[in-house]
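J.: Sequence and predicted structure, then a few things I'm wondering about:
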Amino acid sequence: MTAELHPTAIVDRDAELGDGVVVGPFAVIGAGVRVGAGTKVGAHATICGATVLGRENSVFPHAAIGFDPQDLKYEGESSRLLVGDRNQFREFCTINRGTAFGGGETRIGDDNLFMTQSHVGHDSEVGSRTVFTNAGTLAGHVVVEDDAVIGAFSAVHQFCRVGRHAYIGAYSVITKDALPFCTTVGIKPACMGVNRIGLERKGKSPDDMRAIERAVRVLTRSRRNRTQALEELDAGHAGHADVDALIAFVRGSSRGFIRSARRGSRGAGS
């Protein structure tokens, strides 16, 4: 089986296309691009640079994948974009390659959905099974862990992290780390508690939910500082896999994490 190219598509002779790749009208695939088997590239979509796409990805019309990083320090140095399998890049989605300062790579896992006008900035790392709703955007150097949801028209500040199973509400501005398993919302963001609907959909048991909720309350609703909260969790809540993941996430935070809003305020962090 060979690739199927529309007569108006432009594919550089140095690009590599796997079996069953379909390239639509007026699409452009540049030199050095590698496209895995079964991937579909829609009309007017463009893939360029040192970009590697895995198998069975879908690149919809007018998506722009693998362009130079939007960083004033970038001076043409070598960098790349690595994409896994079965991702969907919807119309006008943009994904940038990495920078030398940030390690030279932007990485995306498997089974992600990037809706219209979503954006992944340079040197970011996105896990698997995430959803970026319309115009959800990442600045450079952001980490989004598995199964997270980035709400419509939300922005994540550079060097922030969004934890696994996190839900970022629409129109939010994430300037510190968003906790795993939690819903975080707001221009001045606040943790609104555990993402119960998302966790139930992922098959978390009632016992898992209770363990996560207890740990989240210690972190976000008590008056303890981060060190004190972690000490309490280590002493009385550790040993559950999800709680241990939450503890590790908080312990690894360099920017602090978003807490619940105090009464009379619209947002909080730690």
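T.: The structure has been received and is ready for your questions. Numbering: from 1, shown residues only.
J.: list the helices and strands whichever helix or strand L219 is part of packs on?
T.: Following DSSP states H and E, one finds L219 within helix 206-220. The contact analysis (3 or more Cβ pairs under 8 Å, 6 or more residues apart in numbering; DSSP states H and E) places helix 206-220 against strand 190-194, helix 196-201, helix 226-236, helix 241-251. C-beta here means a position set from N, CA and C on the backbone, and glycine is covered the same way.
J.: Lowest mean pLDDT across those, which one is that?
T.: Ranked by mean pLDDT, the helices and strands packed on helix 206-220 end with helix 226-236 at the bottom, a mean of 89.
J.: by how many degrees do it and helix 206-220 diverge?
T.: Per axes from the mean of the first three to the mean of the last three Cα atoms, to 10 degrees, the angle that helix 226-236 makes with helix 206-220 is 150 degrees.
J.: ok so, going back, export the helices and strands packed on helix 206-220 to a markdown table and tack on distance to L17 and mean neighbour count?
T.: Shown next, in a markdown table, are these (distance: least, Cβ to Cβ, whole Å; neighbours: other Cβ atoms under 10 Å):
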| stretch | distance to L17 | mean neighbour count |
| --- | --- | --- |
| strand 190-194 | 44 | 21 |
| helix 196-201 | 36 | 15 |
| helix 226-236 | 49 | 14 |
| helix 241-251 | 39 | 17 |
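J.: could you redo those as TSV and give each row distance to A261?
T.: Output for the helices and strands packed on helix 206-220, formatted as TSV (distance: least, Cβ to Cβ, whole Å):
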stretch	distance to A261
strand 190-194	4
helix 196-201	18
helix 226-236	17
helix 241-251	18
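J.: Just tell me which of these ends up closest to E145.
T.: helix 241-251 (8.1 Å; Cβ to Cβ).
J.: T39 is nearest to which of the helices and strands packed on helix 206-220?
T.: helix 196-201 (27.6 Å).
J.: List the contacts of the closest one.
T.: D147, V149, H165, Y167, F181, D208, M209, I212 (Cβ atoms under 8 Å, 6 or more residues apart in numbering).
J.: So the second one sits against G169, correct?
T.: No - counting by Cβ atoms under 8 Å, no contact exists between V149 and G169, whose distance comes to 9.1 Å.
J.: If anything else comes up later, I'll come back, but that's it for now.
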